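In: Fold the following and give me the result.
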Amino acid sequence: MKKIMMLLVLFSFSLLYGNPFSSDGVPQEEFQARLLPGSGPAAQQARKLIIEVESYTTVEEVKQLIQIFHDSGYDQFRGALKGTQKGTVRPVGGRGVKINLNAAQSKPTDDGRTVILVGDSQTWSLDTSYRYDSRFPFLLIELELNQKGRGSGKIYVQADITLTSDGNIELSSYGSPPKQLFGVAVRD
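Out: I've put the predicted structure just below:
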């Protein structure tokens, strides 16, 4: 019981005074991408997105979130995850709202890296077909970048995630097909 109370106090403190897990030495990164909004005439107008990463989620943070889930349950886990601010996604011009990112990880691959970004699933959508589904409470963005910082990506508007014991965040399942991102690049 003391352990649960300590974890809740720690996350309450982080909500008031900032994230105690911020990654020192990890520079802020910005990415740009283009998203085709859907079918029909509007599909010809790609929307530009700016993705800002303030800090990356550490292995220790993931393990603490797993521990909160096991000790206190799903609601406390979601509260703790929502209490972290790792960055934002915002469309440039046109419709759309800024989305807060609650988790961000960058993992090396053979020819570059993969960046995983997680926020809350919400009505932010460039089309009108969105319906919230509690089985898929997250928005997940996956960016595949080469050594030069260029590539492609996907947005899963309705997704579920898995936190692994080795500290990774992974896509578990999704409720609607991903939207493709084109022209993904690290902004200088």
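In: What is the longest strand along the chain packed up against?
Out: In the chain, with assignment by DSSP state E, the single longest strand is strand 150-163. Secondary-structure packing of strand 150-163 (3 or more Cβ pairs under 8 Å, 6 or more residues apart in numbering; DSSP states H and E): helix 59-72, strand 138-146, strand 169-174, strand 179-186. In short, each C-beta sits where N, CA and C put it, glycine included.
In: need those in TSV with distance to Val115, mean pLDDT and mean neighbour count, can you?
Out: Output for the helices and strands packed on strand 150-163, formatted as TSV (distance: least, Cβ to Cβ, whole Å; pLDDT from 0 to 100; neighbours: other Cβ atoms under 10 Å):
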stretch	distance to Val115	mean pLDDT	mean neighbour count
helix 59-72	15	96	17
strand 138-146	4	96	21
strand 169-174	11	95	16
strand 179-186	9	94	17
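In: right, and these - which one's nearest Gln85?
Out: When these are compared by Cβ to Cβ, helix 59-72 sits nearest Gln85, at 12.3 Å.
In: Just want the angle from the closest one to strand 150-163.
Out: Angle of helix 59-72 versus strand 150-163, following axes from the mean of the first three to the mean of the last three Cα atoms, to 10 degrees, is 30 degrees.
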